[in-house]
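Student: sequence and predicted structure are below.
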Amino acid sequence: MNSIFLDLANTSSRLEKEAILKKHHANETLKRVLFLALDPYTQFYIRKIPVYIPDTSPTHRSTMMLEGALDNLQKIINRDVTGNAAINHLKIILESVQADDAKVIERIIEKDLKCGVSEATVNKIWPNLIPTYPVMLASGFDEKIMNKMTYPAYVQLKLDGMRFNAIVQNGKVDFRSRNGKSIDLLGNLEQEFLALAGELPVVFDGELIVREKNGAIMNRQQGNGILNKAVKGTISSSEAAQVEAVLWDIILLKDFKDGFSKMPYEMRFQMLEELEMPWRVSLIENIEVASEDEAHHLFEEYFSKGEEGIILKDITKGWEDKRVKHQVKFKGELECDLLCVDWQEGTGKNVGKLGALVLESSDKLVKVNVGSGFTDEQRDKYTKKNTVGKIVAVKYNAKIQDKKTGEFSLFLPVFIELREDKDVADSLSSIK
């Protein structure tokens, strides 16, 4: 099984990855491994693989096959064992299987296949195997969309942190990124969200930010670097204590799982306004506007102060699991998220280091090499192994098209960051 993942990791071609998966289409154990690793609703609550003695002996002292190990993982999933008991249970599993199978278990527990295969790729081979995590996204500015906006509407500041959900039910809080990955804040903010939800099973939608010791919001690269540690499970207690939440929506848990809520945004936001926000949880800055001109004026005002932009929201609309046309982004700089498909070595002082990342849109219609925006530390750190298959945030001046080939690219692209909280790139139609 592990050899399949090594084969997948050894190619950067999406088509070749799909071909490998198709070759193993009838492998039910592979399907089960893919599901456990990628299903956003399956969590193991263990962020660090315990130290264990792998079975590398020629005769294999292992007493458990991979299928049996997967069966035993259910005790952790179901919370039959928790805390140190869960860690010890996992250690026993890892030491009871062959070394290669233990590596497969590691991929599952870490919720990272480490081979550049996303849920979208898996679902192409096995339709609907992996449920997609619900998220409502705003559209980019477009006059046709703006002409359908109803007023009064809300204008809210566009923050520069990490999108998150706080899912509260049965006295527990589960923090998730926009693509459903678990965010481990080491207990930080849990009691606050339990108090906010009361007895109601709900999902809070908003953004996580990181505060400096002087109270200022940490810049995007530093702040999201800390928040990415929470996704990877490596955040420290002092870093977790710096994390705050800013909210802009609340959705009933049932509606969230169904992917649709009829409740108008005005009512949902009012529910938030009526809550007493605890320390380190706040409500997004919200201003009602009567026209598009007022929205533009507010955008220019925020932008002149160094803010990224605004979101204009139609207060009459419900919540939907898709990119909607009733919420619109106003941004001073264009930005998109692309898939890294290759790594190029640098020249001169960067020989042996990162020179540029080769990126493309989800539909492969936009392709671009990005070689600027990296720090010296990032050029040392970012290798082919830890970048290919990742989503990369890029800022640019314009989308351009080659008149001869018809291919689209980006003018003056600059690297922003690796998006550990995303695993699906933008498409041509969503890149303005």
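Tutor: Received it, and whenever you're ready, just let me know what you need.

Student: export the lengthiest strand in the chain to CSV, keeping only CA atoms.
Tutor: For the chain, the strand reaching the highest residue count under DSSP state E is reported as strand 334-345. Presented in CSV, the C-alpha positions along strand 334-345 are these (Å, rounded to 0.1, in the frame of the first residue of the first chain):
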residue,chain,number,x,y,z
LEU,A,334,-5.7,40.9,-7.3
GLU,A,335,-5.0,37.5,-5.6
CYS,A,336,-5.7,33.9,-6.4
ASP,A,337,-4.8,30.4,-5.2
LEU,A,338,-3.0,28.0,-7.6
LEU,A,339,-1.8,24.5,-7.5
CYS,A,340,2.0,23.9,-7.4
VAL,A,341,2.8,21.3,-10.1
ASP,A,342,6.6,21.7,-10.3
TRP,A,343,9.7,23.2,-8.7
GLN,A,344,12.5,24.9,-10.5
GLU,A,345,16.1,25.3,-9.2
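
Student: verify the stated contact: Val289 with Val155.
Tutor: Yes: here Val289 lies in contact with Val155, judged by Cβ atoms under 8 Å, at a distance of 5.2 Å. For glycine as for every other residue, the C-beta is placed from the backbone atoms N, C-alpha and C.

Student: can you give me the domain boundaries for the protein?
Tutor: Domain assignment for the chain, taken from automatic domain parsing, gives 2-125, 137-331, 334-430.

Student: okay, now the unreliable bits of the chain?
Tutor: Within the chain, the stretches falling below the threshold (pLDDT under 70) are 58-62.

Student: can you list the strands that the longest strand of the chain pairs with?
Tutor: strand 354-360 (antiparallel), strand 391-396 (antiparallel) (DSSP bridges).

Student: to Leu159, which of these lies closest?
Tutor: Between Leu159 and these, the shortest separation by Cβ to Cβ is 14.3 Å, and it involves strand 391-396.

Student: roughly how far does Tyr133 sit from Thr63?
Tutor: Relative to Thr63, Tyr133 is positioned 36 Å away (criterion: Cβ to Cβ, to the nearest Å).

Student: what sits up against stretch 196-204?
Tutor: Applying Cβ atoms under 8 Å, 6 or more residues apart in numbering, the set of residues contacting stretch 196-204 from outside is 165-170, 193, 245, 247, 249-254, 256, 275, 277-278, 281.

Student: would you confirm that Gly389 belongs to a helix?
Tutor: No: membership of Gly389 in a helix is not supported by DSSP: H, G, I helix; E, B strand; the rest coil, which gives coil.

Student: ok, it touching Asp112?
Tutor: No: using Cβ under 8 Å, Gly389 makes no contact with Asp112, being 10.1 Å away.

Student: who has more neighbours out of these two?
Tutor: Higher neighbour count among Gly389 and Asp112: Gly389, with 23 against 16, using other Cβ atoms under 10 Å.

Student: how about the contacts made by the nearest residue to the more buried one once chain neighbours are set aside?
Tutor: Distances taken as Cβ to Cβ, 6 or more residues apart in numbering put Gly116 closest to Gly389, at 2.5 Å, once the chain neighbours are dropped. Gly116 makes contact with Leu8, Ala9, Ser12, Lys17, Val388, Gly389, Lys390 under the criterion Cβ under 8 Å, 6+ apart.

Student: at 10 Å instead, please
Tutor: With contacts defined as Cβ atoms under 10 Å, 6 or more residues apart in numbering, the neighbours of Gly116 are 8-14, 17, 339-341, 387-390, 423.

Student: if we can go back for a sec, who's more crowded, Val289 and Val155?
Tutor: Val155 (22 against 19).

Student: tell me the one of the contacts of Gly116 nearest Val51?
Tutor: For these, the residue nearest Val51 by Cβ to Cβ is Ala9; the value is 23.9 Å.

Student: now do the contacts for that closest one.
Tutor: Residues counted as contacts of Ala9 (Cβ under 10 Å, 6+ apart) are Lys17, Leu113, Lys114, Cys115, Gly116, Val117, Lys385, Val388, Gly389.

Student: helices of the stretch 251-400 of the chain, start to end?
Tutor: 253-258, 265-273, 292-304, 376-381, 384-387 (DSSP state H, counting those that start in this stretch).

Student: ok, which of the ones you listed comes nearest Asp174?
Tutor: Across the helices of the stretch 251-400 of the chain, Asp174 has its closest neighbour in helix 253-258 (10.6 Å, Cβ to Cβ).

Student: now for that closest one, which elements pack on it?
Tutor: With contacts defined as 3 or more Cβ pairs under 10 Å, 6 or more residues apart in numbering; DSSP states H and E, the secondary structure elements packing on helix 253-258 are strand 162-169, strand 202-210, strand 243-252, strand 319-320.

Student: switch the cut-off to 6 Å
Tutor: Packing partners of helix 253-258 (3 or more Cβ pairs under 6 Å, 6 or more residues apart in numbering; DSSP states H and E): strand 202-210.

Student: report the angle between the strand it packs on and helix 265-273.
Tutor: In terms of direction (axes from the mean of the first three to the mean of the last three Cα atoms, to 10 degrees), strand 202-210 departs from helix 265-273 by 70 degrees.

Student: sheet partners, orientation included, of strand 202-210?
Tutor: The pairing partners recorded for strand 202-210 under DSSP bridges are strand 162-169 (antiparallel), strand 243-252 (antiparallel).

Student: can you report how many residues neighbour the nearest residue to Gly355 once chain neighbours are set aside?
Tutor: The spatially closest residue to Gly355, leaving aside those adjacent along the chain, is Gly346, at 3.1 Å (Cβ to Cβ, 6+ apart). By other Cβ under 10 Å, 15 other residues sit near Gly346.

Student: same question for Glu301.
Tutor: By the criterion of other Cβ under 10 Å, Glu301 has 11 neighbours.

Student: and what of Gly371?
Tutor: Residues within reach of Gly371, counting by other Cβ under 10 Å, total 17.

Student: that one contacts Leu354, correct?
Tutor: No: under the criterion of Cβ atoms under 6 Å, Gly371 lies out of contact with Leu354, with a separation of 8.5 Å.

Student: I figured Leu186 hits Ala241, correct?
Tutor: No: counting by Cβ under 6 Å, no contact exists between Leu186 and Ala241, whose distance comes to 8.5 Å.
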